[in-house]
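Asker: Pasted the sequence and its predicted model underneath.
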Amino acid sequence: MFGLFKKKVEVGTVITDSFAPKQEVHTQQGVMKYSKNISKLSYKDLCIEFSNVMAAKHNLMMIPRGLDDATGNQRIITDLVDKALIICIFKFGQERVLSFANNDLRRVNKLIDQCDQEVAANPVPPNEHGLRLFNKLEQYF
């Protein structure tokens, strides 16, 4: 982590803004569009996207919000959790990801968060963060 917030990276091919994420995969159409978009990324940019998704989630959870924003923030956080899962399924394959936890997505999401926290303990640029996160998850998937 870079201070309280994870660092934002300006890269044209990255989909998720770590400081201003939007709800994008809450519909089947959104999932399909996001899946198509990540399939077009280079491996380096996929690593950056994964890092930005996790940074955006971290940033939303760390910024104090009023009750009015809580529901909207929770929707975006859920969207980011889904994006991380979609990225892992794209990278490792659906069978490998789902078989890790016997189809229990809560355990998969918990693993992704745990690995992200371990990787974030040693701050590195986003492309390196994403790469290290993939390498750590490879041990489980």
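Answerer: Thanks, I have the structure now. Numbers count the residues shown, from 1 in each chain.

Asker: So which bits of the worst-scoring helix or strand of the chain on mean pLDDT are buried?
Answerer: The least trusted helix or strand in the chain, going by mean pLDDT, DSSP states H and E, turns out to be helix 67-92, with a mean of 91. Within helix 67-92, the residues scored as buried using 16 or more other Cβ atoms under 10 Å are 73, 76-77, 79-92. Bear in mind the C-beta positions are built from the backbone N, C-alpha and C, glycine included.

Asker: which element is Leu98 on?
Answerer: Assigned by DSSP states H and E, Leu98 falls within helix 94-100.

Asker: hmm, back to that, please compute how far the least confident helix or strand of the chain lies from its chain's middle.
Answerer: 7 Å (Cα atoms, centre = their mean, to the nearest Å).

Asker: can you check stretch 119-131 too?
Answerer: 13 Å.

Asker: for the chain, what are the low-confidence residue spans?
Answerer: Scanning the chain for pLDDT under 70 picks out 1-13, 64-68.

Asker: Fine by me, we can end here.
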